[in-house]
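# Fold the following for me, if possible:
(2 chains)
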Amino acid sequence: MVAKLVAILATTHHPFYYRTSQLAPEEAPPFAAEWVRKVEAYRQTLTRTRPDVLVMVGSDHMHQLWLDNMPQFLIGKAPFYDGNYYNEEREFGLPRLLLRGDEQLSAYMLREGIDKGFDLAFSNELRVDHSITCPIFTVRPQNDLPIVPIYTNIFAPPLARPERFVKLGQTIRELIDAWPSDLRVAVIGTGHLSLELGGPRQFGAHGPDPEFDARAVEWIANGDIDGCLANVTLDSLHAPGNATHGFMDFMLMMGIAGYNKADYADNLDLFHTMEAYFTWYPNGVDA
Amino acid sequence: MSKYLLNKFLFTIDRDPELVERYRTDPSATVTWWEAERANQLLNSIPGEASTWLSFTKQERHALSTHDHVALFEMGAHPFLTLTLWIAMFERDYDEPLAMQLDYAAKLAHFNRPYPDIAT
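Next up, the predicted model:
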C-alpha cells in the first residue's frame, strides 16, 4: 500500500486576489471578472481529484523565519498552523485562518528526506503566510484538509541553487510515491514569475519582464526541466526583477512533476506580476 | 556597516502596529530608542541574554531617521522589508491606488542593474 499522488499544482500567490474577488461588481476593477473565472476554473483541477491531504510548498516572506537563524528548506511538523500575519492583514486585507496539519506525513518526509541527503530544518510551531494561504483561498477555500507546509528560502541570500530546488522537488516526489498510506495526496506549490519588490520596476502595468514570463510559462507547461536549468542561475534571476528568485519554487514543482507536460496550463497578464496556473495528473485525471 | 541591523530595524518595526506609527511620526526618536533598547535584543530570547556588539553607523542612523528609502536601497537594506514598512507608513498619504508605490519606484529609477548587494 502506498499513497496516491493525485494532483500537482504549481501557481502564483498574487496577494491581491482575495480582496479583489470579494468586491461587488460595481466596485471591482475591469480585470476582476476574468481573474475570478480563471481561478475558479483552476480550482476545479484540484477539486475533481478528491485529495485527503495537501503538501504545500511556499516561502516565508520574512514573517517568522529571520536572519538570526535562516533555514534553506524547512518542513512544518505540527497539529495546526495558524495562517497570516498582521502585515498581510494590513497590506492585503487577508483574513486569519487555522489549518490542520498531518504530523505523520510531516515526520515521514523529514526522516526520509534527511536520509536522502537533504538536511531539512523543521518547525513545531509555524504561522504560515500568504505563500501558503493564498492557494488555500484560490483552490481550497473550504480549508477542510490537513497540510504539510514546506518552506524554501528565496529571500535571504545565500540561497540554494536552482538545481538544488529541482532535486528537492524530485526527492519530494519519490517520498510521496513511496509513502505507506492509503491517502490521496495533492501537492500545491507557489512561486514567483518576474517580480520586483522595493525596486524601480515594481507595481507596473505588467510584471517587470514579460519576455522572461513567456519563456517561464513555456518551460513549466512543457515540463522542460533541462531547458529551464540551462537558462536559469542565481545570477540570471536578478535581471527579471529583484524578487524573481521565487521562480525557483516553480522549478521545485517541475522537479515533482518530472519531464511531463502539464495537463492544465493557463496564465493571466496582470498588474505587478503575471498569474500562472499549472496542474499535472501524475496518475491520470481519474486516479 | 550592517545590512543585518538595518534589516532587523525594518523587520521589528514593521511587525508592530504601535512602532509603525511611532516611526512614521517621529523617526529620529524612534531610531535612537530602538538602537539603545532593541538593537541587541535577540528576537527569541530574554533581555538578560542580549547581544553586545550591534550598532548603526552614522550613515545608517541618518538614512533611517530621515525615512530615506533611496539611501537604504543603496546601502543594501532588504528591499522587501523597506517597501512593506513604507507602504504601512505612507500609502495613506496618497489618493490614487498604487500611487505611493509608483512614486517610491520613481525615486529609485536612477539605479541600474546590478542593484546593490543585499547579502548579509
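# Chain B versus the closest residue to residue A:6 other than its chain neighbours, what's the distance?
Closest residue in space to residue A:6, ignoring its immediate chain neighbours: residue A:49 at 4.0 Å, by Cβ to Cβ, 6 or more residues apart in numbering or on different chains. For glycine as for every other residue, the C-beta is placed from the backbone atoms N, C-alpha and C. Here the criterion is Cβ to the nearest Cβ, to the nearest Å. By it, residue A:49 lies 34 Å from chain B.
# In three-state terms, label residue A:75 for me.
Three-state assignment for residue A:75 (DSSP: H, G, I helix; E, B strand; the rest coil): strand.
# That one reaches residue A:150, doesn't it?
Yes: contact status for residue A:75 versus residue A:150: in contact at 5.3 Å, counting by Cβ atoms under 8 Å.
# Quick check: neighbours shared by those two?
Among the neighbours of residue A:75, those also in contact with residue A:150 (Cβ atoms under 8 Å, 6 or more residues apart in numbering or on different chains) are residue A:109.
# okay, the residue nearest to residue A:6: pLDDT?
On pLDDT, residue A:49 comes in at 98.
# Which phi and psi values does it adopt?
Dihedral pair for residue A:49: phi -90, psi 0, per degrees, to the nearest 10.
# what about it, how many neighbours?
Applying other Cβ atoms under 10 Å in any protein chain shown, we find 21 residues neighbouring residue A:49.
# what about the helices in the stretch 151-287 of chain A?
Secondary structure of the stretch 151-287 of chain A, counting by DSSP state H, counting those that start in this stretch: helices at A:162-178, A:210-222, A:225-231, A:247-257.
# quick revisit: my read: the residue nearest to residue A:6 touches residue A:184, true?
Yes: if you go by Cβ under 8 Å, residue A:49 and residue A:184 touch, sitting 7.1 Å apart.
# which neighbours do those two share?
Residues within reach of residue A:49 and of residue A:184 at once, by Cβ under 8 Å, 6+ apart, are residue A:6.
# one step back: buried deepest among the helices of the stretch 151-287 of chain A, which one?
helix A:247-257 (a mean of 27; mean count of other Cβ atoms under 10 Å in any protein chain shown).
# now for that helix, which elements pack on it?
Helices and strands touching helix A:247-257, by 3 or more Cβ pairs under 8 Å, 6 or more residues apart in numbering or on different chains; DSSP states H and E, are strand A:4-11, strand A:53-58, strand A:147-152, helix A:162-178, strand A:184-190, helix A:210-222, helix A:225-231.
# Can you show me the CA trace of it as PDB?
The C-alpha atoms that make up helix A:247-257 are tabulated as PDB, following Å, rounded to 0.1, in the frame of the first residue of the first chain:
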ATOM      1  CA  PHE A 247      10.900  31.300  -9.600                       C
ATOM      2  CA  MET A 248      13.000  28.500  -8.100                       C
ATOM      3  CA  ASP A 249       9.800  27.300  -6.300                       C
ATOM      4  CA  PHE A 250       8.300  26.700  -9.700                       C
ATOM      5  CA  MET A 251      11.400  24.800 -10.600                       C
ATOM      6  CA  LEU A 252      10.900  22.700  -7.400                       C
ATOM      7  CA  MET A 253       7.400  21.900  -8.600                       C
ATOM      8  CA  MET A 254       8.800  21.000 -12.000                       C
ATOM      9  CA  GLY A 255      11.100  18.500 -10.200                       C
ATOM     10  CA  ILE A 256       8.000  17.000  -8.500                       C
ATOM     11  CA  ALA A 257       6.100  16.800 -11.800                       C
END
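# Just give me the neighbour total for residue B:47.
By other Cβ under 10 Å, 9 other residues sit near residue B:47.
# which residue packs closest to it, ignoring adjacent ones?
Leaving aside its chain neighbours, residue B:47 sits nearest to residue B:41 (6.5 Å; criterion: Cβ to Cβ, 6+ apart).
# would you say the one you found is within a helix?
No: under three-state DSSP, residue B:41 falls outside any helix and is assigned coil.
# Looks like it contacts residue B:50 (just checking).
Yes: the criterion here is Cβ under 8 Å, and residue B:41 meets it with residue B:50 at 5.3 Å.
# Which one's more surrounded, the two?
Using other Cβ under 10 Å as the criterion, residue B:41 and residue B:50 rank with residue B:41 on top: 17 against 14.
# circling back to that earlier point, and residue A:256, which of the helices and strands packed on helix A:247-257 is closest to it?
helix A:162-178 (4.3 Å; Cβ to Cβ).
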